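Engineer: Turn this into a structure:
(chains A and B, ligands or ions: 2)
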Amino acid sequence: MYFEFKNVSVHYDKVQALQNVTLNLEQGEIVALIGANGAGKTSTLRAITALAKLSSGEIWFGGKRIDRLEPAAVVALGVSMVPEGRHVYPFMSVKDNLLMGAYLRRDKNDVKRDLDRVFMRFPRVRERLKQQAGSLSGGEQQMVVISRALMAKPKLLLLDEPSLGLAPMVVRDIARAIVEINRDEGISIILVEQNSRMALKISHRGYALETGRIALTGKSTDLLNDDHIRKLYLGA
Amino acid sequence: MLVNGVVLAVNYALIALGITLIFSIMNILNFAHGQMFMIGGFVVYYLYGIFRINYFVSLIAVVIVLGTIGWCFETFFFRRIRKIATREENSMLLAVGTALLLENLALSIFGEKQRGVPPVVTGVFRIGNAYLPAGRLLVMILALALVIGLLLLVQYTKWGRAMRALAQDREVTHLMGVNVDRVAAYGFGLGAALAGLAGGLLVTVFGVNSGVGNVYSIKAFIMIMIGGAGVVPGAILGAIVLGFVEAIGYQLLPGSITYLLIFIALIVFLIFRPQGLLGKPWG
Ligand SMILES: Nc1ncnc2c1ncn2[C@@H]1O[C@H](COP(=O)(O)OP(=O)(O)OP(=O)(O)O)[C@@H](O)[C@H]1O
Ligand SMILES: [Mg+2]
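Structural biologist: Numbering: from 1, shown residues only, chains lettered A, B, ... in the order given. Ligands and ions are numbered 1, 2, ... in the order given. Just a heads-up that it's a prediction; the model follows:
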């Protein structure tokens, strides 16, 4: 298995955020992780990037155990995360934001080529290159943080609620970009969303988290038709 | 008078930029900044003044000594506190502790005498009807070059970008693959080295004694309060304001009144503009 999250528990002081969560991902897949507020979606991603400590369990990626590494070491293995809430560097130019994404990369020409690829995907980002990132609109900032993550040339991309607070039109653009990134660059993606319908439509498989536990998992097309999921997450 | 203002302003800019660097990267107000300035002065006093080593080589030694002190403070003291402390005040108390540590070490090693060094260059330039000693001109040029060099480093190098990133969002910077601990330690070392360099420059003009530390720490605080804590242009602006006010004040007023007036003006100013002239986060 390409990526495995095995029996992971995470605690913050006394609060248990994750309880024996097991999930996995094949190379090239988009896996959706849906759940209500406080279900533990963000904690799952933070555990992968070593921003949150595990109280038990193991995480494996590309044949290596990564749950005892420092965040920088996990990133170096090819895991990029776009955190919840569009964390651009607000007082840096868009260009410097993108270059921060390429921090670990040494080959300047390669980085330049990838910048051009990012611009092709998000022409808006190129137009705003010199502008301070904090002055962009929400949708533009989301494009910048996704672009920044792509500049690391990741193998596994973790997206935490990329559609949060965006207009439906912009959500569609972002959703299309996610599908294309997966298809064209072969990047595996874990997509955390409260917009469950969108997430299940563009993903291959999905997991539903409820209060720190996996409640349900399956193919996304099946989950879209599942009664429990429809009632709880799709408002049908 | 104006010339003195410029000499002070550029050196103060070094001090203010150093403390700003440390403040914005680590959220620590470096209470020991003036003590670092003072140690820089003493390093030059011993190497250049006593042992007659080339002045510029002495300045390089200042960078090494103070850079090491700053690096050690972050690596052995502040990093640990950040990991185990639950309250913000803990690192503030530690910062005060480091200032006392350096001050008392300096007192016992260097004694309490006022020390001066022989001029690095001699001669006087005449500009209009003002006289500019070559020594002050040299200090001014060196300080200016350092300020510009620092700004270029922060703005255009990968390491500078990482420091700015760290100042703006620590967690995201982890996610960029930055070894945050290492960048923080180098940043602290660089900030300390800047304080030491200002000390190593101004010792040629004013001399040094082991009691000047707190005076310069307070000056550093005043500058960032004027300009706005954690902002690079604010640090420079604060340095210019303080440098000129001080130079003009000392010319026109009896000694201690200048600072009395500066403090009163500062209090009034902060009532109306508590964030300083350009206060906003770093960038
Ligand atoms: N830093 C923290 N300290 C204490 N408790 C936390 C912390 N972060 C998260 N929690 C708790 O852990 C649980 C899971 O939180 P998490 O952020 O993973 O949820 P989420 O599914 O991402 O929610 P949301 O949809 O609101 O982003 C919640 O009960 C939350 O209150
Ligand atoms: Mg969340």
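
Engineer: Can you list phi and psi of the closest residue to ligand 1 within chain B for me?
Structural biologist: Of all residues in chain B, B:Glu171 sits closest to ligand 1, at 10.9 Å by C-beta to the nearest ligand atom. In short, each C-beta sits where N, CA and C put it, glycine included. In terms of degrees, to the nearest 10, the main-chain angles of B:Glu171 are phi -70, psi -40.

Engineer: how about low-confidence regions in chain A?
Structural biologist: Residue ranges of chain A with pLDDT under 70: A:236.

Engineer: What of the stretch 151-283 of chain B?
Structural biologist: Along the stretch 151-283 of chain B, the model assigns pLDDT under 70 to residues B:280-283.

Engineer: One more pass at 90, please.
Structural biologist: Scanning the stretch 151-283 of chain B with the threshold set as pLDDT under 90 gives B:225, B:227-235, B:247-263, B:265-267, B:269-283.

Engineer: Surely B:Asn30 and B:Thr20 touch.
Structural biologist: No: applying C-beta atoms under 8 Å as the test, B:Asn30 and B:Thr20 come out as separate, 9.7 Å apart.

Engineer: Which secondary structure elements does the lengthiest helix in chain B sit against?
Structural biologist: Ranked by residue count, the top helix of chain B under DSSP state H comes out as helix B:180-206. Contact here means 3 or more C-beta pairs under 8 Å, 6 or more residues apart in numbering or on different chains; DSSP states H and E; on that basis helix B:180-206 packs against helix B:2-26, helix B:33-44, helix B:55-72, helix B:79-84, helix B:134-156, helix B:158-168, helix B:170-175, helix B:212-227.

Engineer: tell me which residues in it are buried?
Structural biologist: Neighbour-count burial for helix B:180-206, with 16 or more other C-beta atoms under 10 Å in any protein chain shown as criterion, is recorded at B:180, B:183-205.

Engineer: Now do it: distance to the chain's middle.
Structural biologist: Helix B:180-206 has its C-alpha centroid displaced from the chain centroid by 7 Å (C-alpha atoms, centre = their mean, to the nearest Å).

Engineer: That one to helix B:212-227, inter-axis angle?
Structural biologist: Helix B:180-206 runs at 110 degrees relative to helix B:212-227, counting by axes from the mean of the first three to the mean of the last three C-alpha atoms, to 10 degrees.

Engineer: Break down chain A into its helices, ranges please.
Structural biologist: Assigned by DSSP H, the helices in chain A fall at A:41-48, A:71-76, A:94-101, A:108-121, A:123-127, A:138-150, A:168-185, A:196-202, A:220-225, A:227-233.

Engineer: what about the nearest residue to A:Pro162 once chain neighbours are set aside, how many neighbours?
Structural biologist: Nearest residue to A:Pro162, sequence neighbours excluded (C-beta to C-beta, 6 or more residues apart in numbering or on different chains): A:Ile174, at 5.3 Å. Residues lying near A:Ile174 (other C-beta atoms under 10 Å in any protein chain shown) number 22.

Engineer: Go ahead and confirm A:Ile174 touches A:Glu161.
Structural biologist: No: counting by C-beta under 8 Å, A:Ile174 does not reach A:Glu161; the two are 10.6 Å apart.

Engineer: Other residues contacting the helix or strand harbouring B:Leu132?
Structural biologist: Using DSSP states H and E, B:Leu132 falls within strand B:130-133. Contacts with strand B:130-133, where a contact means C-beta atoms under 8 Å, 6 or more residues apart in numbering or on different chains, come from B:1-3, B:119, B:123-126.

Engineer: Mind doing that once more with 10 Å?
Structural biologist: Contacts with strand B:130-133, where a contact means C-beta atoms under 10 Å, 6 or more residues apart in numbering or on different chains, come from B:1-4, B:6-7, B:119, B:121-126, B:139-140, B:205.

Engineer: Equivalent analysis for stretch B:265-273, please.
Structural biologist: So stretch B:265-273 is in contact with B:221-222, B:225-226, B:228, B:241-242, B:245, B:259, B:276-277, B:279, going by C-beta under 10 Å, 6+ apart.

Engineer: what's around B:Gly49, how many residues?
Structural biologist: Residues within reach of B:Gly49, counting by other C-beta under 10 Å, total 21.
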